[in-house]
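Undergrad: for reference, the sequence and a predicted model appear below.
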Amino acid sequence: MVRSQFVGEEETAERAVSALNKLLVFDQAVIMDTYVDGIMDSLKGLIQNVAQTAVSLADASGRLNATAELAGQAVQGIAAANLSLWLLGLAYGMIALAIGAFTGRPGVTRAVTFGLALLAWLITGFAPIFSWLDAPSAISPFTWYLAENPLLLTWNAGQLWLGLTILIFLWLAVRVFERRNLSTEQTVVPKIAARRARRASRPNPRATWLLTRVHLKSIWDRRKSIWGWIGGFAFVLLATFAAWPSVSQDVTAFENVINALPKEVFAIFGMTNPSALTTSAGFVSSRIYQSIGPIMIIVFGVGAVSTLVAKEETSGVLDMILSNPVRRRAVIVEKAMAVAALVAVIALALTLITIAADALWETGLTLPHIVAANVGLGLLGLCFAGLALALWSLQEASAPAMRTTVVIATVTYFLNGLGSLVGALEPFRALSPFYWYLGDTPPLAKGFEPAYLLLLAVALSGIWVAARRFETRDLAV
């Protein structure tokens, strides 16, 4: 009985173990199924994330390649644009080298080169308006530089033409210099040399009175280059007058073009009131009295000071002048008088040309406004000439004074234009000589302004400072 009881307990234990094993297997199966499902879900999510990341990386790679391609094009465009600009400057540098090798005169070289550059620039600018300028425009270096936009098309044929121009004038300069007589500083061209010799041996009584005073001698030294400057001013003025009839035929369309452009574009060029361009006074003033003209008259005035005073000091000419019984102060005053007389000649020529052009093209300008505009332009040039003279007297070297004057002129020019649009610069516009001359009204649309007296005051103050400082200046340093 005990045995049967033991056997029954053993069977019961086996059944319990079997049931326990089944339970463990079931639990294991449930656990494994749950775990595997979790792993599969995680794996699916990981695969989806990897796929999305791959798609994003592919899209980013495509954008990066496109950006890199655009960046490469932009870099090439910037390099091409700067190369074109460098070639343009070098081309005119070689032209100046050839002219200088032939004439041997720095003043004539600068005047002729600047005149040629201005003429080419105007021809390129007015060619779309006047069909008869198409042929001259085709040989203009500015056309080669601007015809194809180097920022977009990168390398172009215009750069080849500029390079060819550089080589031609470099070869010409070398050939001319090889025939140059360094003892006489003249080019050995038989016919020209003989003509110069005959002219030098022939007395000219009419010019002797120009050699009796310092200021008259200074005027005599600039007697040739002044005509080149007058010709440059006249060409700009007449070209602007000639363009007005075409513009006046459809003023509305021209006004729409002006309104479509941002005001900053006009402000950079000194035109703070773009709507005035639709009038004859505003249109004519835009070139010769607001943008190009002021720059030209300042370059002429500062260049005259540099040539007649600063360079004569470095070359020793001032020492020779002061060896005569003249006061130092009188020399500076007479040099300033010479610069003022030369500027006055340009202003007078512009006045006469403007009067004639107004009668020819019937622009309706008034005589008081014409006179006032040209007097103001001359005073602007004298203002910076006086400033250059004062800076020269305050510094031991002449070159830094001229550079400083150019920097001041550039800063005040943009200060006047941008000051009309930028609130932070508006209070400082009153410090700009360009604001004293231009204001917000075209010069040909207004008469004499009280601010013109400020231009005269700066010029006279510069002369006074230079005269006082020159009394104690050591010319040997």
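TA: Right, received. Where do you want to start?

Undergrad: how about low-confidence regions in this structure?
TA: Applying pLDDT under 70 to the chain flags residues 1-74, 107, 147-155, 181-212, 396-397, 474-477.

Undergrad: check which helix or strand covers V176.
TA: helix 157-178 (DSSP states H and E).

Undergrad: so which elements touch that helix?
TA: Helices and strands touching helix 157-178, by 3 or more Cβ pairs under 8 Å, 6 or more residues apart in numbering; DSSP states H and E, are helix 2-103, helix 141-146. To be clear about C-beta, it is placed using only N, CA and C from the backbone, and glycine gets the same treatment.

Undergrad: quick one: I230 from I297, how far?
TA: The span separating I230 from I297 equals 12 Å under the rule Cβ to Cβ, to the nearest Å.

Undergrad: list residues touching both of the two?
TA: Here I230 and I297 have I346 as joint contacts, going by Cβ atoms under 8 Å, 6 or more residues apart in numbering.

Undergrad: more neighbours: which of these two?
TA: The residue with more neighbours, out of I230 and I297 and counting by other Cβ atoms under 10 Å, is I297; that gives 28 against 16.

Undergrad: how near is the residue nearest to that one when sequence neighbours are not counted to A445?
TA: Among residues not flanking I297 along the chain, G381 sits closest, at 3.6 Å (Cβ to Cβ, 6 or more residues apart in numbering). G381 is 21 Å from A445, where distance means Cβ to Cβ.

Undergrad: neighbour count winner among these two?
TA: G381 (29 against 18).

Undergrad: please name the residues that touch the closest residue to A459 other than its chain neighbours.
TA: Sequence neighbours aside, G386 is the residue nearest to A459 in space, at 3.7 Å (criterion: Cβ to Cβ, 6+ apart). G386 is in contact with A336, V458, A459, L460, S461, G462, I463, A466, counting by Cβ under 8 Å, 6+ apart.

Undergrad: any idea how far D358 is from G386?
TA: 31 Å.

Undergrad: now do A91
TA: 37 Å.

Undergrad: next one: L444
TA: Distance from L444 to D358, by Cβ to Cβ: 9 Å.

Undergrad: joint contacts of those two?
TA: Joint contacts of L444 and D358 (Cβ under 8 Å, 6+ apart) are L365, I370.

Undergrad: more neighbours, these two?
TA: L444 (27 against 20).

Undergrad: now the more buried one: closest residue in space that isn't a chain neighbour?
TA: A281 (4.1 Å).

Undergrad: quick check: which element contains the one you found?
TA: helix 280-288.

Undergrad: tell me which helix or strand comes right after that helix.
TA: Assigned by DSSP H and E, the successor of helix 280-288 is helix 292-305.

Undergrad: buried residues in the helix or strand hosting H369?
TA: Per DSSP H and E: H369 is located in helix 367-394. The neighbour-count check on helix 367-394 (16 or more other Cβ atoms under 10 Å) flags 369-393 as buried.

Undergrad: pick out the residue nearest the middle of the chain.
TA: T410 (9.4 Å; Cα atoms, centre = their mean).

Undergrad: tell me the contacts of P106?
TA: G100, T307.

Undergrad: now with 10 Å?
TA: By Cβ atoms under 10 Å, 6 or more residues apart in numbering, the residues touching P106 are A96, G100, S225, G303, S306, T307, K311.

Undergrad: in CSV, list those along with distance to A81 and neighbour count.
TA: Converted to CSV, the contacts of P106 look like this (distance: Cβ to Cβ, whole Å; neighbours: other Cβ atoms under 10 Å):
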residue, distance to A81, neighbour count
A96, 23, 20
G100, 29, 19
S225, 33, 23
G303, 29, 22
S306, 31, 22
T307, 34, 18
K311, 35, 17
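
Undergrad: now, which of those sits nearest A276?
TA: G303 (30.6 Å; Cβ to Cβ).

Undergrad: now do that closest one against T272, distance only.
TA: 27 Å.

Undergrad: next one: S393
TA: Distance from S393 to T272, by Cβ to Cβ: 34 Å.

Undergrad: repeat that for G423.
TA: Counting by Cβ to Cβ, the gap from G423 to T272 is 14 Å.

Undergrad: same thing with L367?
TA: For L367, the distance to T272 - Cβ to Cβ - is 25 Å.

Undergrad: please apply the same query to P433.
TA: Taking Cβ to Cβ, one finds P433 at 15 Å from T272.

Undergrad: could you do F266 as well?
TA: Applying Cβ to Cβ to F266 and T272 gives a distance of 7 Å.

Undergrad: go on, D134?
TA: On the measure of Cβ to Cβ, D134 and T272 end up 34 Å apart.

Undergrad: and those two? Which one has more around it.
TA: T272 (24 against 12).

Undergrad: neighbours of the residue nearest to the more buried one when sequence neighbours are not counted, just the number please.
TA: The shortest distance from T272 to any non-neighbouring residue, by Cβ to Cβ, 6+ apart, is to S420 (4.0 Å). For S420, the neighbour count with other Cβ under 10 Å is 21.

Undergrad: surely S420 touches E426?
TA: Yes. Shown here, S420 and E426 form a contact pair, counting by Cβ atoms under 10 Å, at 7.3 Å.

Undergrad: next, A424: secondary structure please.
TA: Three-state call for A424 (DSSP: H, G, I helix; E, B strand; the rest coil): coil.

Undergrad: residues contacting it?
TA: L418.

Undergrad: the one 10 residues further on too?
TA: When contacts are counted by Cβ under 10 Å, 6+ apart, F434 touches 270, 272, 290, 294, 298, 380, 383, 409, 412-417, 419, 455.

Undergrad: re earlier: the residue nearest to the centre of the chain touches I295, doesn't it?
TA: Yes. Using Cβ under 10 Å, T410 is in contact with I295, at 9.4 Å.

Undergrad: brilliant, that's me finished.
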